[in-house]
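Novice: show me how the following folds:
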Amino acid sequence: MKNITSKLLLLLFLIGYMVTISTATAGTNEVAALTHYQQLFSTMPSVAISGEPVRLTIARIGLDLPVVDGVYSPQTHTWSLGRTTAQYAVTTPLPNDLTGNTFIYGHNNAHVFGKLLAIQPGDELVLSMADGKRFHYLYRTSFDVSPLNVEAIKYEGAPVLTIQTCVGQLFEQRRMFRFDFQYAEA
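Specialist: From the prediction side, this is the model:
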């Protein structure tokens, strides 16, 4: 009976039901098992909402771009780069509401991220997903790094979006634009 009760409690926990057991009708092992599962449930992170990015829009500066997958070639040590599209670095987390740094990059030209240089703190970015979801971010800050600096994309914490484009007289630096996740909508 104890084995069946423990299995039932685990099953109920896994499907998300709250179970209350009276100590008058349950043995010590069943109450201990329930307490353990309730503690696990209360510390589990919420389910992440995520999606594959297909469009990036910053209305205030008139930026509206398609987003395509960006891949790294170990043979040539280069990333794929389009003339009129932004690239989502597929080696970074998909946009989500839980954690990580989604990384998008592209040229600093009139067709891609040239307008990004006019962005101001608090500007909203909307990232549209292939399944229709929309992720909203607010621009926080930017900083320049050398092309060899990969620390800017190594990040653990609340979800953020980083956009990278080239800057400098000879485009010798990389400017990172950091956006904080606000909310997702279906």
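Novice: for Gly122, phi and psi?
Specialist: In this entry, Gly122 is assigned phi and psi values of phi 100, psi -10 (degrees, to the nearest 10).
Novice: please, where are all the strands along the chain?
Specialist: In the chain, strands defined by DSSP state E lie at 53-58, 63-70, 72-73, 78-79, 86-89, 101-105, 124-129, 134-145, 160-167, 173-185, listed in chain order.
Novice: out of the ones you listed, the one nearest Ile153 is which?
Specialist: For Ile153, the closest of the strands of the chain is strand 101-105, at 5.0 Å, according to C-beta to C-beta. All C-beta spots, glycine's among them, are computed from the backbone N, C-alpha and C.
Novice: I'd like the average pLDDT over that closest one.
Specialist: The average pLDDT for strand 101-105 rounds to 96.
Novice: can you list the strands of the chain in JSON lines and add distance to Glu151 and mean neighbour count?
Specialist: Below are the strands of the chain laid out as JSON lines (distance: least, C-beta to C-beta, whole Å; neighbours: other C-beta atoms under 10 Å):
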{"stretch": "strand 53-58", "distance to Glu151": "23", "mean neighbour count": "20"}
{"stretch": "strand 63-70", "distance to Glu151": "19", "mean neighbour count": "17"}
{"stretch": "strand 72-73", "distance to Glu151": "17", "mean neighbour count": "11"}
{"stretch": "strand 78-79", "distance to Glu151": "17", "mean neighbour count": "12"}
{"stretch": "strand 86-89", "distance to Glu151": "15", "mean neighbour count": "23"}
{"stretch": "strand 101-105", "distance to Glu151": "11", "mean neighbour count": "23"}
{"stretch": "strand 124-129", "distance to Glu151": "22", "mean neighbour count": "20"}
{"stretch": "strand 134-145", "distance to Glu151": "8", "mean neighbour count": "16"}
{"stretch": "strand 160-167", "distance to Glu151": "11", "mean neighbour count": "21"}
{"stretch": "strand 173-185", "distance to Glu151": "10", "mean neighbour count": "17"}
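Novice: let me know which of these is the nearest to Lys115.
Specialist: Lys115 sits nearest to strand 63-70 of all those, at 4.8 Å, using C-beta to C-beta.
Novice: any idea how far the closest one is from the chain center?
Specialist: Distance of strand 63-70 from the chain centroid (C-alpha atoms, centre = their mean, to the nearest Å) equals 16 Å.
Novice: CA atoms of it as CSV?
Specialist: These are the backbone C-alpha positions of strand 63-70, laid out as CSV (Å, rounded to 0.1, in the frame of the first residue of the first chain):
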residue,chain,number,x,y,z
LEU,A,63,14.0,49.4,-37.7
ASP,A,64,12.2,46.3,-39.1
LEU,A,65,14.3,43.3,-40.1
PRO,A,66,13.9,39.7,-41.0
VAL,A,67,16.0,37.4,-38.7
VAL,A,68,17.6,34.2,-40.0
ASP,A,69,19.7,31.6,-38.4
GLY,A,70,23.4,32.5,-38.1
